[in-house]
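Asker: structure, please.
(chains A and B)
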Amino acid sequence: MLDPKLLRSDPELVADNLKTRNFSLDVGTLQALEEKRKKVQTRTEDLQRERNSRSKAIGKAKAQGEDIQPLLDSVEKMGQELSSAEAELSAIQEEISGIMLTLPNMVHESVPPGKDEADNILVRTVGDVPDFDFDPRDHVDLASVNGLMDFKAGAALAGSRFVVMKGEIARLHRALVQLMLDTQTGENGYTEINVPHLVNANTLQGTGQLPKFEEDLFKLEGDFGFYMIPTSEVPVTNTVAGQMLAADSLPLKYTCHSVCFRSEAGAYGKDTRGMIRQHQFEKVEMVQIVRAEQSYDALEQMTLHAESILKKLGLAYRVVVLCGGDIGFGAAKTYDIEVWLPGQNAYREISSCSNCVDFQARRMQARIKNPDTGKTEFVHTLNGSGLAVGRTLVAVLENYQQADGSVLVPEALQPYMHGQQVILEVAA
RNA sequence: GGAGAGGUGUCCGAGUGGUCGAAGGAGCCAGCCUGGAAAGUUGGUAUACGGUUCACACCGUAUCGAGGGUUCGAAUCCCUCUCUCUCCGCCA
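Answerer: As a prediction, the model looks like this:
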């Protein structure tokens, strides 16, 4: 959520900023609502004050054994007026907060303007794109041998955009999870955390998926009000919701392996082949809760933490900073990491690292007491993939393939593969 | 699933209709004390919103798990929900 004070005091500044992400803020409507709110609130509070003071007088009079009937009569008439003022006020406030919840975050000044991903700015390119002396296959062709990656089976069990993995592929997938968790915990200073895969609406509102993006989520039927998490960013970040954190407990750095569920509404016909875009996929996430003044440094570090996995795996990638038109709802600045996929002859997103500044913290009411000023302030939250496991699997298969269709196991993964150096070998 | 007990400020904890934003304690901050510290001692220490103000600040309103109700007045009474704990049942 945006700072309501800023929105009130300088709506043009906010509107200008949101223009960067092609969001048009209706300043006039908002200001009119605000003005009305102010008027009704003042009137309501005046009435409340009057009622309170008369009620106190009644209490006093009664204690002294006086006749309170005249006082009762005088206050009774206020009741109607007060309750209608209160109703009007809460209706206006509800309307305002409804709008506030749908406003995206303001972007950092370094975020480039732009319409879509074509306008993202390249930050750096790392590693060499492999040069094959044969026509490289994509991961579907490579791993479908013996049905080790079986989309038909997935479709039969659930529908399109599901997969069944077996044998060496399933193990490689698990090995990637292990490598990622071990790296983030052992080298990058994260604490491993394991969280619910089902959450309630309030939690999703805290991180910004609700109320605006419900169609992207899977919601469970029944009275529980459960949604399946689209990313563990949601439950992990919300572990600090509603808390007054000790300032010296920050930064909090969590890494979490989870399954993620996305409806992929609006992605019809996009990435229909293979494991790039599934309804269910696994991800190792990084989440940081930091002091405000540290969040942009933390974003740089977190991006490097994501990159550290790609470096270990020897995969070529590039880092881009998302332009205003491509950046997510809650983020103030986002780096995407794109890995080279020979099967697509293109770089494809494998991680997204965002600084949400105080946007989520304000929604969640996650705060610290600043020890220097004594003031309460919101923490800053960051999240990033470290990495998307399914897409990393795709990248390993496609980048390490050999002419005969077998795939070399990157050295960093071999300890997790019982020392196995090659998979998908065709029996001679 | 059944029975019971609870949810109060940063934390612990008192408070069953009125002067309670809330006793007391811990923590934290400041003053005194001290060569310095500890101890002691005095004071301060919630959040949000609104109003007045250049500002310091002051005033008002709301907030005792959440929402509704009763009442002139609710932390306190009633209803619904929710979470935690204990016991029983069931269960990976």
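Asker: so the helix or strand containing residue A:30, near RNA strand B or not?
Answerer: If you go by DSSP states H and E, residue A:30 is part of helix A:27-63. Yes. Applying C-beta under 7 Å from any atom of the strand, one finds helix A:27-63 in contact with RNA strand B at A:38, A:41-42, A:44-46, A:48-49, A:51-56, A:58-60, A:62-63. Quick note: C-beta positions are derived from backbone N, CA and C, even for glycine.
Asker: mind giving me the PyMOL command for buried ones among these?
Answerer: With 16 or more other C-beta atoms under 10 Å as the burial test, the buried ones among the residues of helix A:27-63 next to RNA strand B are selected in PyMOL as follows:
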select buried, chain A and resi 44+54+58
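Asker: now do the buried residues in stretch A:340-347.
Answerer: Within stretch A:340-347, the residues that qualify as buried are A:340, A:341, A:342, A:343, A:344, A:347, counting by 16+ other C-beta under 10 Å.
Asker: revised request: answer the last question for stretch A:22-39.
Answerer: By neighbour count with 16+ other C-beta under 10 Å, stretch A:22-39 contains the buried residues A:23, A:25, A:30, A:33, A:34, A:37.
Asker: got it, and stretch A:108-127?
Answerer: For stretch A:108-127, by 16+ other C-beta under 10 Å, it's A:108, A:111, A:112, A:114, A:120, A:127.
Asker: could you do stretch A:135-148 as well?
Answerer: For stretch A:135-148, a neighbour-count test (16+ other C-beta under 10 Å) marks A:136, A:137, A:138, A:139, A:140, A:141, A:142, A:143, A:144, A:145, A:148 as buried.
Asker: let me see the contact set for the residue of the stretch 201-350 of chain A found nearest RNA strand B.
Answerer: Proximity of the stretch 201-350 of chain A to RNA strand B (C-beta to the nearest atom of the strand) peaks at residue A:244, 3.8 Å away. By C-beta atoms under 8 Å, 6 or more residues apart in numbering, the residues touching residue A:244 are A:367, A:368, A:369, A:376.
Asker: quick one, phi psi at it?
Answerer: Note on residue A:244: backbone dihedrals following degrees, to the nearest 10 are phi -100, psi 100.
Asker: just the helices from the stretch 251-400 of chain A, written as ranges.
Answerer: A:295-313, A:359-364, A:389-399 (DSSP state H, counting those that start in this stretch).
Asker: now render those helices as JSON lines, adding mean neighbour count.
Answerer: Below are those laid out as JSON lines (neighbours: other C-beta atoms under 10 Å):
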{"stretch": "helix A:295-313", "mean neighbour count": "21"}
{"stretch": "helix A:359-364", "mean neighbour count": "25"}
{"stretch": "helix A:389-399", "mean neighbour count": "26"}
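Asker: least confident of those, on average?
Answerer: When the helices of the stretch 251-400 of chain A are compared by mean pLDDT, helix A:359-364 comes last with a mean of 90.
Asker: residues touching it, excluding its own?
Answerer: A:1-3, A:101, A:105, A:205-208, A:237-238, A:240-242, A:330-332, A:366-367, A:378-381.
Asker: swap in stretch A:56-72?
Answerer: Residues from elsewhere that reach stretch A:56-72 (C-beta under 8 Å, 6+ apart): A:54, A:75.
Asker: likewise stretch A:410-424?
Answerer: Contacts to stretch A:410-424, defined as C-beta under 8 Å, 6+ apart, come from residues A:142-143, A:145, A:148, A:168-169, A:171-172, A:174-176, A:178-179, A:312-314, A:396, A:400, A:405-409.
Asker: okay then, goodbye and thanks.
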